[in-house]
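Sequence first, predicted model second:
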2 protein chains.
Amino acid sequence: MIFMETNELKELKNDVLKKISPTHEERAYLEETAELLRKKIEHIAHGMNLKDVSVTLVGSAARNTWISGTHDLDLFIMFPSETSNEELEKNGMEIARKIAKEAESFEERYAEHPYINMIYRGFDVDIVPCFRVKSASCIRSAVDRTPFHNEFVKKNIYGLESEVLLLKQFMKGIGVYGSELRTQGFSGYLTELLIIKYGSFEEVINSACEWQPGTYIDLKSHGTIQHTDPLVVIDPTDPKRNVAAALSLDKFCFFIDACRQFRVCPTMDFFFPKPVTLMSDTELLQKMKSRGTAFIAILFNTPDVVEDVLYPQLHKMEQAVVSLLETHEFKVLNKGSWSGEKTIILLELMSATLPQLRKHRGPPVWIYKHADSFKAKYGTSKDVFAFYIENGTYIAEVPRKYSEASSLLKEKLNSCSMGKHVSCAVKKGFEVLKDGEICSISERDFKLFLMNWPKV
Amino acid sequence: MIFMETNELKELKNDVLKKISPTHEERAYLEETAELLRKKIEHIAHGMNLKDVSVTLVGSAARNTWISGTHDLDLFIMFPSETSNEELEKNGMEIARKIAKEAESFEERYAEHPYINMIYRGFDVDIVPCFRVKSASCIRSAVDRTPFHNEFVKKNIYGLESEVLLLKQFMKGIGVYGSELRTQGFSGYLTELLIIKYGSFEEVINSACEWQPGTYIDLKSHGTIQHTDPLVVIDPTDPKRNVAAALSLDKFCFFIDACRQFRVCPTMDFFFPKPVTLMSDTELLQKMKSRGTAFIAILFNTPDVVEDVLYPQLHKMEQAVVSLLETHEFKVLNKGSWSGEKTIILLELMSATLPQLRKHRGPPVWIYKHADSFKAKYGTSKDVFAFYIENGTYIAEVPRKYSEASSLLKEKLNSCSMGKHVSCAVKKGFEVLKDGEICSISERDFKLFLMNWPKV
């Protein structure tokens, strides 16, 4: 099946574009603001006697691939590559802070180097000091790559901007847009490269229907490294880098699945999903009960870190908790985490209780020494339910230490490997909630999470 | 540690022997009865004009290795090896039936050939027609081997009879004596060979403490075949045969374990275990409940077949039932069977109920055709609890057909592979009992079985 550009599809695309293309006024205001900031930065740099410092607007604003209503501006202050880290940080932040004084609000943030994020004339502005290097393969910091991306896209995207907008909105609508570690989806740069590769929104959809893990796109045929990610899109500015490295297998598959659905029945809902009606607490409880499983939630205060730090730690914690439960013979059906003011790890088990006894398998009877000491330990112990031979080894039926999943979690959670910040937050205190108690968490977004469970 | 013949042990052996050695009178009466039967058979054969037919007393009675109180006589009517199967059966059974007329009771039984079992002067007598062959390696029927065993043991056991008695009684006491398929333990012939090999009861005990699976005993160093049984004792009369082939791994281990215990603390209890006091129904129920597991019993009329036919079929049924339960995600902790007037397959589960839903894993999303038809089937079905992608494959959470183990057994037991007679008995009707209901079965021997559970 091939996706044909029917009149209906044309119409749909036009309808979507009407909603997402910036108006002339919006565009003019953005350009004016960017220019204003650029000049201010140059003026300040000049005043500081910093020669050879330039300013570049990067990101979707620079490439005309931004969606109406999103007001992001990324301005990079580029220092000569010989600049020391200390100088870059000192001078870069001095400039940025001066600009920030005029902002509605601002905060200093840290990636590899510090930068400033501020709200200025209604725009979400990042002012990022970086090194101006010769090529993307000799960058000194991850952000140094951005100007190269910018240059490549600007050179190749002309005339295809609307296609990028459609693809971005489609991905937003179905929930796979964003390469941050919470979403593990497609970055803006990745959507642009896909449009450059396939030429149009429909052709990306068409191709994605047939994607398989290992799909390999290399616009410049210069890739040098073997990647194991589900989708590999070699960075045209850096042969070693996979632009789609952050994309998870499930988001990759989810996109494929949505493309196939869209191809069969292309509707506005993919771009703008209908708002969901929240279930009542009674309905939610009923939904949980009807599954016949056992729900357990671990609740703690959300640590004060950015999402890109938080989410990997939450995923690590999920894994560790599942391991802990499974080591103690609890069977975990589904797991997930949600974070708002509080953070919740939610687990769905086959059963939250297990028998009083546990079969503890000892050594084979014929390994005399081990058999002897196992038998000495368990053979006549009063706590042991039964001691016998099965398939050539001793079995001691010993009392199960944790026959309730909640007791296990309460006692052993702190010994789980969870990442620094999450571990620290959990150590300060956590609660374990069961089944109905979980519905008592009132945040609307958490109720949505429960409603969609086990899709996470 | 080596087992020393201390005075205490000598005393214990003497005490045991006093209880199990036949008295002079008992012995004389047995010999007289055997001789009487031998003469009668010869007389009848003579009357039928059967020349070259001889009669031999075989088994423990012939070898002076029988325990006081056991009154077994095995008389073999030996026909020339050229005799046809038909003639052997016809003439052999004609003689046997004539003898049987004088018995207190008798029945015709079938192994490879028919034979007669009867009660005669208080003895349990088998009259078995067989072929007189040149050597045990060219037997025409399994029973033809027996006279060779008889000859070998008689030649080698002289002076060691008491040691055989002690070993047999020890094995009886701990429950590993008997090579029938119910017990899967040590045959009489095997105990005799062990005594011949090791020279004394203590030396068998000593050696068994160090046994490992694969222990290999070949008195004549003439074994020709690789055996995989835990204990291999090559038949001195047949280089291809393992006399211990019927011994199960667990009975083998149980014997090792008991030998080690006995070596540490040799007491009369090993030979004559103290009678157990039966638990009351309340105590039994309490014992079952304290385990926190779920018991399920399948109850049906015992098929009218000998134990050697019944027990392998019961073990097959156990396996099939466990497979059935585990296929449907029930976790079986222990299994066993008991047979009296009724037969019971008893199962102990982690839980007898499972969640309403079951995660049904579909194909990977990228296998387009399969993914498509899986999604068509489950993606929008009203019965499906949830449909989503996990680790690259579709998951449909479908209603579990059997969330109760008892319903599963009631509906699907008849499709299990259980062996001819058991299957037939089950088809005529069975009951499924749960937990407390199981204690309502009143047979004393079944209550013992429950008391010892899960040792079977």
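That came in fine, so what should we check first? The structure presented is a predicted model; accordingly, all values stated were derived computationally and were not measured.

what about the helices in the stretch 251-400 of chain A?
In chain order, the stretch 251-400 of chain A shows helices spanning A:281-290, A:307-327, A:368-378, with DSSP state H, counting those that start in this stretch as the criterion.

Would you mind putting the CA coordinates of the second one into CSV?
Yep, that's helix A:307-327 we're talking about. Taking Å, rounded to 0.1, in the frame of the first residue of the first chain, the C-alpha atoms of helix A:307-327 are listed here in CSV:
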residue,chain,number,x,y,z
GLU,A,307,13.8,15.9,34.0
ASP,A,308,16.8,14.7,32.0
VAL,A,309,18.4,13.8,35.2
LEU,A,310,15.3,12.6,37.0
TYR,A,311,13.8,10.2,34.4
PRO,A,312,16.8,7.9,33.8
GLN,A,313,17.0,7.6,37.6
LEU,A,314,13.3,6.7,37.8
HIS,A,315,13.7,4.1,35.1
LYS,A,316,16.7,2.7,37.0
MET,A,317,14.5,2.6,40.1
GLU,A,318,11.7,0.8,38.3
GLN,A,319,14.1,-1.9,37.2
ALA,A,320,15.6,-2.2,40.7
VAL,A,321,12.2,-2.5,42.3
VAL,A,322,11.1,-5.1,39.8
SER,A,323,14.3,-7.1,40.5
LEU,A,324,13.7,-6.9,44.2
LEU,A,325,10.1,-8.1,43.9
GLU,A,326,11.0,-10.9,41.5
THR,A,327,13.9,-12.1,43.6
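
among the helices of the stretch 251-400 of chain A, which is the most enclosed?
For the helices of the stretch 251-400 of chain A, ranked by mean neighbour count under the definition mean count of other C-beta atoms under 10 Å in any protein chain shown, the leader is helix A:307-327 at a mean of 18. Where C-beta positions appear, they are placed from N, C-alpha and C, glycine not excepted.

hmm, who's touching it?
A:180-182, A:298, A:302-303, A:332, A:335-337, A:339, A:343, A:345, A:347, A:349, A:405, A:408-409, A:412-413, A:416-423, A:426 (C-beta atoms under 8 Å, 6 or more residues apart in numbering or on different chains).

again with stretch A:424-433
When contacts are taken as C-beta under 8 Å, 6+ apart, the neighbours of stretch A:424-433 outside the stretch itself are A:296-303, A:317, A:343, A:406, A:409-410, A:413-414, A:418, A:440-441.

how about a cut-off of 6 Å?
Contacts of stretch A:424-433 from elsewhere in the structure, counted by C-beta atoms under 6 Å, 6 or more residues apart in numbering or on different chains, are A:Ala297, A:Ile298, A:Leu299, A:Phe300, A:Asn301, A:Pro303, A:Ser406, A:Leu409, A:Lys410.

Show the average pLDDT along that stretch.
Across stretch A:424-433, the average pLDDT comes to 97.

Pull up the distance across that stretch, start to finish.
Separation of the first and last residues of stretch A:424-433 by C-alpha to C-alpha, to the nearest Å is 20 Å.

Also stretch A:354-367?
Distances were taken as C-alpha to C-alpha; on that basis the terminal residues of stretch A:354-367 are 31 Å apart.

can you pull the buried residues of it?
Under the neighbour-count criterion of 16 or more other C-beta atoms under 10 Å in any protein chain shown, stretch A:354-367 has A:Leu354, A:Pro355, A:Gln356, A:Leu357, A:Arg358, A:Lys359, A:His360, A:Gly362, A:Pro363, A:Pro364, A:Val365, A:Trp366 buried.

any chance of these in JSON lines, with pLDDT and distance to B:His46 too?
Compiled in JSON lines, the buried residues of stretch A:354-367 are given as follows (pLDDT from 0 to 100; distance: C-beta to C-beta, whole Å):
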{"residue": "A:Leu354", "pLDDT": "97", "distance to B:His46": "74"}
{"residue": "A:Pro355", "pLDDT": "97", "distance to B:His46": "69"}
{"residue": "A:Gln356", "pLDDT": "95", "distance to B:His46": "71"}
{"residue": "A:Leu357", "pLDDT": "96", "distance to B:His46": "68"}
{"residue": "A:Arg358", "pLDDT": "95", "distance to B:His46": "70"}
{"residue": "A:Lys359", "pLDDT": "95", "distance to B:His46": "64"}
{"residue": "A:His360", "pLDDT": "96", "distance to B:His46": "67"}
{"residue": "A:Gly362", "pLDDT": "97", "distance to B:His46": "63"}
{"residue": "A:Pro363", "pLDDT": "97", "distance to B:His46": "63"}
{"residue": "A:Pro364", "pLDDT": "97", "distance to B:His46": "58"}
{"residue": "A:Val365", "pLDDT": "97", "distance to B:His46": "55"}
{"residue": "A:Trp366", "pLDDT": "97", "distance to B:His46": "55"}
